[in-house]
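Engineer: Sequence and predicted structure are below.
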Amino acid sequence: MSTPNISNARSAFPALTSNPAYVFADNAGGSQVAQPVIDRLTDYLINTNVQLGAGYAVSVASTRRAVGEATEGAKRLFGARSVDEVVFCASATMGLENLARGLEGDVCEGDEIVVTTEHEANVGPWKKLAARRGAVVKVWKASRMGDGGNPFALGLKVDELLPLITKNTRLVAFTACSNILGSVVPVKEVVAALRADARKKGARKVEVAVDCVAYSPHRLIDVQEWDVDFAVFSFYKVYGPHISALYVRSEALHASTKPLVHHFLKMDDTAAKLQPGGPGYELAYASTGAVEYLLSLTPFRDLRKTFDAIAEYEQSLLRPLLGFLCASEQRERGVRVVGEEKVDLSRVPTVSFVVVGKKPIRSRDIVRVFDQKGGVSVRDEAKETLIGIRYGHFYAYSMVKESLPDIDVDDGVVRISLVHYNTVEEVSRIIEILKEILAQ
């Protein structure tokens with residue numbers, strides 16, 4: 001397996017080269033933007049910023065870029081069969097809200113929708129759809145994993161999902177990776193198990209919607225291999241511009257969704273039927289730069305090999321951070337990792353924790369120390385290093401409120417979220433500051 005050249009990778013991000021003293025450790029909220037993305041953004045605005053669909057040369061070029069090339073790039077990242085199954089949206093939340101509206105005519109009173117307590121983007125739209133249609137909402141909750149004595153070590157278990165499946169199940173919505181727990185859900189296995197169980201119980205029609213936002217910076221999506229009907233991810237978490245993409249399986253386009261576009265537009269055969277109004281065309285075209293960047297990370301120019309290399313490298317970031325937080329000294333101090341404590345490919349380097357016990361520290365107070373030092377300040381060869389991290393519920397409001405014992409939902413957890421352009425040295429600097437805070 002090829003390992004990404006981290007120096008080369010970092011050099012592709014102007015934010016990293018122009019701010020060498022800053023450590024970006026809030027990447028689950030949004031990654032930095034690669035230079036090919038910036039180049040395409042400015043190129044589009046300078047050279048092809050006209051309305052699509054006309055016959056003059058500049059419009060033809062604009063259409064090719066914003067529709068043809070952009071959707072092809074998103075298709076590759078989804079692993080979809082056709083560009084017709086892909087549509088751009090302002091955010092993952094907006095894409096799933098539009099999808100829920102499009103499904104409204106195919107969800108009936110008494111149908112059952114299963115959701116999780118993960119990020120609200122893939123929860124709220126389905127709850128509102130159920131309320132509009134008289135459907136029933138069931139919740140697949142994260143529960144305690146293992147027997148290590150950490151009540152915050154939560155995860156989704158497929159054997160707790162299957163009892164929720166009945167002959168009335170219509171849709172199951174879950175995440176491919178938790179944006180708080182950092183755990184990778186085995187989507188293919190979960191989908192196979194729930195579909196088999198639904199068939200056995202006589203369910204009429206079950207579709208599956210997967211939130212890939214926290215997954216997509218770290219692993220390659222494969223909607224065909226997973227056998228899912230709907231998926232969403234955000235380019236701004238995958239080194240691109242602030243735009244998202246929605247996948248709708250061709251069969252669902254024809255049999256399940258109604259168009260949201262103007263009545264005179266004939267788009268029944270494409271996912272664009274769920275796009276009421278065009279995206280930012282410059283953003284759509286700029287997203288192709290994210291694909292180009294990812295292809296450049298290994299000599300193979302193959303997305304699967306790229307993400308395999310990213311996953312392997314990121315273990316080197318996860319290992320020292322989890323090693324520190326899970327050490328006996330920190331455990332005695334009251335540090336509890338939120339999520340599983342193991343280091344392997346079932347986890348990404350999105351690490352959340354709380355400090356509880358006899359001397360608790362609020363999550364906001366931990367982050368405040370970072371902020372008051374300009375992010376975090378560490379003296380290293382007379383050079384100040386600034387590190388940005390964050391606290392909160394990160395839109396997994398229900399999980400924090402209902403599943404984390406005695407945690408104020410507004411204070412939430414401390415989250416350190418790393419990606420492949422972070423370095424082991426940066427992790428060491430974070431740990432040094434955490435040592436200072438926990439010594440209080």
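Structural biologist: Looks like it arrived, so ask away.

Engineer: Need the residues that contact the helix or strand hosting K75.
Structural biologist: K75 belongs to helix 70-78 when elements are defined using DSSP states H and E. The contact list for helix 70-78 (CB atoms under 8 Å, 6 or more residues apart in numbering) reads 82-83, 85-88, 216, 220-221, 223, 231, 233, 238, 245, 247, 284-285, 287-288, 290-291, 303. All C-beta atoms are positioned from the backbone trio N, CA, C, and that covers glycine.

Engineer: try stretch 133-141
Structural biologist: 104, 107-117, 126-127, 129-130, 156, 160-161, 164, 168, 170, 172, 174, 398-399, 402-403.

Engineer: Let's see that with 6 Å instead.
Structural biologist: For stretch 133-141, the external contacting residues (CB atoms under 6 Å, 6 or more residues apart in numbering) are 107, 109, 111-117, 127, 130, 161, 164.

Engineer: Check stretch 274-284 too.
Structural biologist: 41, 44-45, 66, 70, 87-88, 98-99, 102, 241, 243, 260-261.

Engineer: Tell me the one of those residues nearest Q35?
Structural biologist: In terms of CB to CB, no member of those lies closer to Q35 than L41, at 10.5 Å.

Engineer: Buried residues in the helix holding K75, which are they?
Structural biologist: 70-71, 73-78 (16 or more other CB atoms under 10 Å).

Engineer: now, which of those sits nearest P320?
Structural biologist: Of those, the one sitting nearest to P320 (CB to CB) turns out to be L77, at 29.7 Å.

Engineer: gap between that closest one and D222?
Structural biologist: Using CB to CB, to the nearest Å, L77 is found at 10 Å from D222.

Engineer: first to last residue in stretch 57-75, what's the distance?
Structural biologist: End-to-end distance for stretch 57-75, by CA to CA, to the nearest Å: 26 Å.

Engineer: what's the answer for stretch 5-19, then?
Structural biologist: 19 Å.

Engineer: Now for this protein: which helix has the highest residue count?
Structural biologist: Secondary structure of the chain per DSSP state H: the longest helix is helix 303-325.

Engineer: Which strands or helices does that helix pack on?
Structural biologist: helix 424-438 (3 or more CB pairs under 6 Å, 6 or more residues apart in numbering; DSSP states H and E).

Engineer: and the helix it packs on, which residues are buried?
Structural biologist: By neighbour count on 16+ other CB under 10 Å, the buried set for helix 424-438 is 426-427, 429-431, 433-434, 437-438.

Engineer: same question, stretch 38-52
Structural biologist: Buried residues in stretch 38-52, counting neighbours by 16+ other CB under 10 Å, are found at 40-41, 43-44, 48, 50.

Engineer: State the distance from the closest residue to G155 other than its chain neighbours to Q330.
Structural biologist: Spatially, and ignoring its direct neighbours in sequence, G155 is nearest to M145 (4.3 Å; CB to CB, 6 or more residues apart in numbering). The gap separating M145 from Q330 is 19 Å, by CB to CB.

Engineer: same thing with V356?
Structural biologist: Distance, V356 to Q330, by CB to CB: 12 Å.

Engineer: Likewise for P14?
Structural biologist: 36 Å.

Engineer: swap in V107?
Structural biologist: To Q330, V107 is 47 Å away according to CB to CB.

Engineer: Kindly report the same for T288.
Structural biologist: Counting by CB to CB, the gap from T288 to Q330 is 43 Å.

Engineer: quick one: which of the two has more around it?
Structural biologist: T288 (25 against 19; other CB atoms under 10 Å).

Engineer: quick one, phi/psi of that one?
Structural biologist: T288 adopts backbone torsions of phi -60, psi -20, taken as degrees, to the nearest 10.

Engineer: Please read off the pLDDT at it from the model.
Structural biologist: Confidence at T288, expressed as pLDDT, is 98.

Engineer: can you give me the helices in the stretch 201-350 of the chain?
Structural biologist: 223-226, 250-255, 281-286, 288-295, 303-325, 328-333 (DSSP state H, counting those that start in this stretch).

Engineer: and among the ones you listed, the most buried is which?
Structural biologist: Of all the helices of the stretch 201-350 of the chain, helix 281-286 has the most neighbours on average by mean count of other CB atoms under 10 Å, namely a mean of 25.

Engineer: Need the pLDDT of V376.
Structural biologist: Confidence score, pLDDT, at V376: 45.

Engineer: Equivalent analysis for the one 4 residues further on, please.
Structural biologist: According to the per-residue confidence, D380 scores 47 in pLDDT.

Engineer: neighbours around G55, how many?
Structural biologist: 6.

Engineer: and the gap between E109 and E97?
Structural biologist: Distance from E109 to E97, by CB to CB: 21 Å.

Engineer: Which strands and helices lie in contact with the host helix or strand of T42?
Structural biologist: Secondary structure from DSSP H and E places T42 in helix 35-47. If you count contacts as 3+ CB pairs under 6 Å, 6+ apart, helix 35-47 packs onto helix 281-286, helix 288-295.

Engineer: what does that helix contact?
Structural biologist: Defining contact as CB under 6 Å, 6+ apart, one finds that helix 35-47 is touched by 12, 240-241, 282, 285-286, 289-290, 292-293.

Engineer: any chance of the residues you listed in JSON lines, with distance to T3 too?
Structural biologist: Formatted as JSON lines, those follow (distance: CB to CB, whole Å):
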{"residue": "A12", "distance to T3": "16"}
{"residue": "G240", "distance to T3": "23"}
{"residue": "P241", "distance to T3": "28"}
{"residue": "E282", "distance to T3": "34"}
{"residue": "Y285", "distance to T3": "31"}
{"residue": "A286", "distance to T3": "28"}
{"residue": "G289", "distance to T3": "23"}
{"residue": "A290", "distance to T3": "21"}
{"residue": "E292", "distance to T3": "20"}
{"residue": "Y293", "distance to T3": "17"}
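
Engineer: Next, give me the two most distant ones among these.
Structural biologist: Maximum distance among these (CB to CB): 19.9 Å, for A12 and E282.
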